[in-house]
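Novice: Build the 3D model from these lines:
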Amino acid sequence: MQLRGSLLLVAASSLLVIAEAVAGMTATPAPPGHESYNEVVQSKLQPQAERLLLRLVQEGHALTMDGAPVFDGRDKFLPGKIAAGLVDFLLSVPKDDPRLPEYLRAFRRVAALTVDDTNDSWGAYYYILALNELRKAGLLKEAVDPLTLAKLRVRLDWRMFVDADTYVLIDHPNNYYCVAFGIARLRAQMGWEEGAASEKLFARIVAHYQQYSGDYGFADETDGEGRFDRYSVLLAGEVARHFIETDGKPPKETLGWLRKSADVMLSRMHAGGEGFEYGRSLGPYSETAIVEVLTSAAEVGVLTEKEKALAYSYATRAAERYVGFWIDGTTGAVNLWDNGRRTDAYRGKFRRFGENLSLAHQFAYTNAVWNRLGYQDKAPLADFAQALKKLPQQTVTWFARGEYDRVLLTRRDGDHIIGLPLISGGVSQHMHSPYFPIPFSRGMLAGVADGTRPLLLPQFSLSDGSKVMPLAFIRAVSVTSRGQRTTVTYRQSELDRLGGESPIADDRLAVATTYVFEPRRITRTDIYTPKGTVEIAGIELDFGSFAELADSTARAVRFSGDALDGFKVTGLEGCQATAIKEDPDFESDEGPMRSKVVCSGGTRTVREPFTISWTITFH
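Specialist: Residues are numbered from 1 along each chain as shown. Got it, this is the predicted structure:
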């Protein structure tokens with residue numbers, strides 16, 4: 001313990017040298033009126049991460065954030081994120097700076113201190129990426145001692161979560177093939193292994209794309225259950241990045257995936273920098289996902305010049321939003337958890353310190369790319385909001401077709417971007433509202449991370465105690481448009497029986513669903529057909545709104561003070577609308593909802609088809 005305490009003091013004093021230098025380099029405020037990506041990242045965003053590293057220096061392993069310990073072993077990626085953050089700083093120091101040797105010795109001591117800490121998957125990737133950047137800069141020997149490097153060579157390995165014989169992931173979702181691939185490419189660059197492993201892992205990625213999406217070109221997060229979410233679109237950008245960062249060229253199939261992913265992300269660019277609207281782990285990652293995909297697409301040349309200008313302008317807005325919205329002005333740290341914001345358990349508050357560092361790194365490396373592309377200190381488009389209005393007002397993105405159809409409809413309606421994902425959350429996510437087949441729109445229509453309330457979908461309680469919902473088994477999707485009106489139809493021969501980790505098909509009720517999208521209006525109509533006689537004990541359908549409650553009746557609710565105007569329901573006995581505050585069942589990643597509507601239907605015996613419908617109006 002005495003030795004470890006001494007190491008902590010040495011590391012702290014060494015990091016203090018770095019931190020003092022950082023503080024000196026970032027004390028000057030950005031010039032007024034400058035809005036380039038480079039200026040936002042360097043003068044506002046990176047100093048925030050550097051201040052947190054200074055806190056780490058001052059408090060060491062006792063560091064807490066909002067009462068949650070940082071070094072309690074639960075954040076399994078933390079050492080790698082710290083290494084990446086420190087290397088981002090080290091590489092910004094000119095090689096002729098006389099202080100550089102001391103900074104490198106400080107990194108050496110910190111690396112020796114943390115080498116035995118838990119550091120899995122993403123942490124291993126970030127750490128080996130940092131080491132490879134030091135190697136390419138000719139600084140690795142000065143930054144890491146031979147014993148520590150030998151330990152890291154053993155521990156920074158994709159084999160910790162991929163079977164080395166079968167190349168099958170061990171208890172991880174599909175996107176971790178990409179993490180393993182990145183680690184394997186970097187290990188080969190470091191001279192720690194041959195390139196065969198990375199080739200086999202890439203072959204796994206290709207096979208997965210082909211098997212579960214085919215020519216549509218997207219990655220299913222599951223093995224064919226249909227979880228096509230933010231990760232499914234982001235993955236192509238990450239695969240391309242792993243080729244680029246290891247001095248390679250993305251192959252043709254990767255460029256094809258990346259172009260398709262870029263189309264999805266271009267259609268999601270908000271003038272205010274808001275991001276992806278559905279699925280898990282959103283928050284600022286909903287925005288950096290768009291930045292990362294479009295940055296990779298720009299770097300490898302799959303964007304047009306006009307698209308590059310739009311992508312760069314969006315990155316600037318996203319960085320400004322990160323500084324102004326996601327970073328808490330009181331704590332100086334990113335906030336995904338407090339003041340009515342809610343995220344999934346995967347990104348719990350115990351990861352708060354590392355989340356700041358990884359987000360800062362995403363902005364730092366994408367900024368470096370845009371600088372290399374000639375955009376350094378270049379102002380974004382002055383008419384960015386108007387330019388967005390010239391993009392296609394509607395896109396239909398197919399993810400998969402077959403026994404079940406998986407598709408995403410995207411509509412621009414005024415300032416709103418509305419996404420309708422007809423997918424499945426699959427194992428562990430099918431019952432959570434961010435994966436429901438309902439419309440989502442940033443700041444207007446949101447799911448609740450890990451939330452199980454029946455938002456905008458009826459939940460049927462049957463007489464035997466089971467609960468079913470129209471979630472996962474979507475067939476025969478059709479999308480037709482006439483003028484400004486778009487109709488989406490599909491059917492489900494089985495509803496999803498809740499209670500299990502994976503969807504369970506229950507054929508006692510079938511449903512034919514019709515969505516109608518019109519300017520400022522969305523209507524959903526479900527026609528349910530029972531198989532024989534079905535005893536229903538009760539029905540519930542909920543709705544959460546960011547708007548204030550104005551007034552309500554049993555069938556209709558009016559809102560004020562936000563984009564939503566009204567919500568109407570037919571086919572149920574009635575609804576109760578309530579103003580809410582501090583209700584965790586109605587908290588989104590962006591903040592709390594202000595009103596909730598709970599609609600219900602009583603006990604009934606059904607032998608004939610029946611209809612449930614709702615309409616949302618907005619401005």
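Novice: Would you map the strands across the stretch 351-500 of the chain?
Specialist: Along the stretch 351-500 of the chain, counting by DSSP state E, counting those that start in this stretch, strands occupy 394-400, 406-413, 416-422, 440-441, 459-462, 467-469, 475-482, 485-492, 495-497.
Novice: got JSON lines for those strands, with distance to residue 195, mean pLDDT and mean neighbour count too?
Specialist: For glycine as for every other residue, the C-beta is placed from the backbone atoms N, C-alpha and C. Formatted as JSON lines, those follow (distance: least, Cβ to Cβ, whole Å; pLDDT from 0 to 100; neighbours: other Cβ atoms under 10 Å):
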{"stretch": "strand 394-400", "distance to residue 195": "31", "mean pLDDT": "98", "mean neighbour count": "19"}
{"stretch": "strand 406-413", "distance to residue 195": "34", "mean pLDDT": "98", "mean neighbour count": "22"}
{"stretch": "strand 416-422", "distance to residue 195": "37", "mean pLDDT": "98", "mean neighbour count": "22"}
{"stretch": "strand 440-441", "distance to residue 195": "41", "mean pLDDT": "98", "mean neighbour count": "23"}
{"stretch": "strand 459-462", "distance to residue 195": "51", "mean pLDDT": "98", "mean neighbour count": "20"}
{"stretch": "strand 467-469", "distance to residue 195": "47", "mean pLDDT": "98", "mean neighbour count": "23"}
{"stretch": "strand 475-482", "distance to residue 195": "41", "mean pLDDT": "98", "mean neighbour count": "13"}
{"stretch": "strand 485-492", "distance to residue 195": "44", "mean pLDDT": "98", "mean neighbour count": "18"}
{"stretch": "strand 495-497", "distance to residue 195": "43", "mean pLDDT": "98", "mean neighbour count": "24"}
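Novice: Distance to residue 556 added to the ones you listed, as CSV?
Specialist: Supplementary listing: those in CSV, determined by distance: least, Cβ to Cβ, whole Å:
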stretch, distance to residue 556
strand 394-400, 28
strand 406-413, 21
strand 416-422, 21
strand 440-441, 21
strand 459-462, 21
strand 467-469, 24
strand 475-482, 27
strand 485-492, 22
strand 495-497, 27
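Novice: of all those, which lies closest to residue 320?
Specialist: Residue 320 sits nearest to strand 416-422 of all the strands of the stretch 351-500 of the chain, at 18.1 Å, using Cβ to Cβ.
Novice: and the gap between residue 275 and residue 553?
Specialist: In this view, residue 275 and residue 553 are 36 Å apart by Cβ to Cβ, to the nearest Å.
Novice: what do you get for residue 362?
Specialist: 47 Å.
Novice: among the strands of the stretch 351-500 of the chain, which is nearest residue 300?
Specialist: Of the strands of the stretch 351-500 of the chain, the one closest to residue 300 (Cβ to Cβ) turns out to be strand 394-400, at 20.6 Å.
Novice: Check which helices and strands the closest one is in contact with.
Specialist: In terms of contacts (3 or more Cβ pairs under 8 Å, 6 or more residues apart in numbering; DSSP states H and E), strand 394-400 is packed against helix 252-266, strand 406-413.
Novice: So for the longest one, what gets flagged as buried?
Specialist: Residues of helix 252-266 classed as buried under the neighbour-count rule (16 or more other Cβ atoms under 10 Å) are 253-258, 260-266.
Novice: outside of it, which residues touch it?
Specialist: 206, 209, 216-219, 233-237, 239-240, 243, 250, 289-290, 293-294, 296-297, 300, 302-303, 307, 310-311, 391, 395, 397, 408, 410 (Cβ atoms under 8 Å, 6 or more residues apart in numbering).
Novice: next one: the shortest one
Specialist: Residues from elsewhere that reach strand 406-413 (Cβ under 8 Å, 6+ apart): 226, 228, 264, 267-268, 388-389, 391-400, 417-424, 474, 477, 479, 486, 488, 517, 519-520, 618.
Novice: ok, residue 362 and residue 553, which is more surrounded?
Specialist: Neighbour count, other Cβ atoms under 10 Å: between residue 362 and residue 553, residue 362 has more, with 19 against 11.
Novice: so what pLDDT did that one get?
Specialist: For residue 362, the model assigns a pLDDT of 97.
Novice: One more: the one 10 residues further on?
Specialist: At residue 372, the predicted lDDT confidence score is 97.
Novice: Likewise for the one 4 residues further on?
Specialist: Reading off the per-residue confidence, residue 376 sits at a pLDDT of 95.
Novice: how near is it to residue 368?
Specialist: As judged by Cβ to Cβ, residue 376 and residue 368 stand 9 Å apart.
Novice: more crowded one of the two?
Specialist: The neighbour count for residue 376 versus residue 368, taken as other Cβ under 10 Å, is higher for residue 368 (17 against 14).
Novice: which of the contacts of helix 252-266 count as buried?
Specialist: The buried subset of these - by 16+ other Cβ under 10 Å - is 206, 209, 216-219, 233-237, 239-240, 243, 250, 289-290, 293-294, 296-297, 300, 302-303, 307, 310-311, 395, 397, 408, 410.
Novice: Among these, which lie within helices?
Specialist: Counted as lying in helices by DSSP state H, out of those, are 206, 209, 233-237, 239-240, 243, 289-290, 293-294, 296-297, 307, 310-311.
Novice: what about the nearest residue to residue 133 once chain neighbours are set aside, which helix or strand?
Specialist: Using Cβ to Cβ, 6 or more residues apart in numbering and skipping residues adjacent in sequence, the residue nearest residue 133 is residue 87, 5.5 Å away. In the assignment (DSSP states H and E), residue 87 maps to helix 78-90.
Novice: And the next helix or strand past that helix?
Specialist: Downstream of helix 78-90 (by DSSP H and E), the next one is helix 100-114.
Novice: State the mean pLDDT of that following helix.
Specialist: Per-residue scores along helix 100-114 average to 88.
Novice: could you give the angle of the next helix or strand along the chain from it to helix 100-114?
Specialist: For helix 100-114, the following helix or strand on the C-terminal side (DSSP H and E) is helix 122-136. Relative orientation of helix 122-136 versus helix 100-114 (axes from the mean of the first three to the mean of the last three Cα atoms, to 10 degrees): 150 degrees.
Novice: helix or strand right after helix 122-136?
Specialist: Immediately after helix 122-136, counting by DSSP H and E, sits helix 140-143.
Novice: In that next one, which residues are buried?
Specialist: 140, 143.
Novice: quick one: that helix to chain centroid distance?
Specialist: 34 Å (Cα atoms, centre = their mean, to the nearest Å).
Novice: Going by contacts, tell me the helices and strands next to that helix.
Specialist: helix 100-114, helix 122-136.
Novice: Any idea which of the ones you listed gets closest to residue 372?
Specialist: Taking the helices and strands packed on helix 140-143 one by one with Cβ to Cβ, helix 122-136 is closest: 14.5 Å.
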